[in-house]
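Peer 1: got a predicted structure plus its sequence, pasted below:
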Amino acid sequence: MKLTAKLLTAAALLAASASAMAHPGHAEGGFISGLLHPMLGLDHLLAMAAIGFWSVRQSATLKNSTPLFVIGGMILGAAIVWGGMSLPGVETGIALSVLLAGILIATMAKLPTAVGGTLVAAFMVFHGFAHGTEMPAGAALVAYLAGFSIATLALTFVGRGLGALLQRTDNRFGRVLGGVVAATGVVLAVG
């Protein structure tokens, strides 16, 4: 799928979620709740978009498999909740994911596929756990899962699209953007 098509798909999904927010009474089935959850939290927005942004400069294998690591980690995190288990330090893990994703962007760090993929999946376990705990009572699990999976992928591809656009320009803007994301992670961690 070409970059332009991916960006258009992501934009359409984001537009759909924005129109859904105007109608809050439609969340009972779970899909809209799942779709909106990643879009409404700054921590989730930044982490997922930052991972997409960072993945553009990675090896072809890591770049192409990043969406799988993102969704795999999200589903694993939600499954931990839905399986009745706990995960200590969820909010800290989420804040650290934003901080570290920002650092990866600012330093333009290239990681081996195994290391980068594991790091991305670990970040997303914390986000998936948070999504799983916030599933509305009575919501259809599959619908909720589908909603937050689509939103997560959309945010990741939007970040990837921005990363691809900026890859053709001066690296200073990307470094500054990474610094802003990392600083936001610090604020989230201490706040």
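Peer 2: Structure received. Residues are numbered from 1 along each chain as shown.
Peer 1: low-confidence regions, this structure specifically.
Peer 2: For the chain, applying pLDDT under 70 flags the ranges 1-29.
Peer 1: all the helices of it, in order from the start?
Peer 2: 3-21, 31-40, 42-55, 60-82, 90-107, 113-133, 141-167, 171-190 (DSSP state H).
Peer 1: quick check, central residue of the protein?
Peer 2: Nearest residue to the geometric centre of the chain (Cα atoms, centre = their mean): residue 48, 2.2 Å.
Peer 1: so that residue sits right up against residue 69, yeah?
Peer 2: No - contact criterion Cβ atoms under 8 Å: residue 48 and residue 69 do not qualify, at 11.7 Å. Heads up, the C-betas are built off the backbone N, CA and C, glycines and all.
Peer 1: next one: residue 115 from residue 104, what distance?
Peer 2: Distance, residue 115 to residue 104, by Cβ to Cβ, to the nearest Å: 11 Å.
Peer 1: do you know how far residue 130 is from residue 94?
Peer 2: 6 Å.
Peer 1: which neighbours do those two share?
Peer 2: Here residue 130 and residue 94 have residue 44 as joint contacts, going by Cβ atoms under 8 Å, 6 or more residues apart in numbering.
Peer 1: nearest residue to residue 62 other than its sequence neighbours?
Peer 2: residue 113 (4.4 Å; Cβ to Cβ, 6 or more residues apart in numbering).
Peer 1: and that neighbour, how far from residue 48?
Peer 2: The gap separating residue 113 from residue 48 is 19 Å, by Cβ to Cβ.
Peer 1: kindly report the same for residue 182.
Peer 2: According to Cβ to Cβ, residue 182 and residue 48 sit 16 Å apart.
Peer 1: circling back: show me what contacts the residue nearest to residue 62?
Peer 2: If you count contacts by Cβ under 8 Å, 6+ apart, then residue 113 has 58, 59, 61, 62, 65 around it.
Peer 1: alright, I will stop here.
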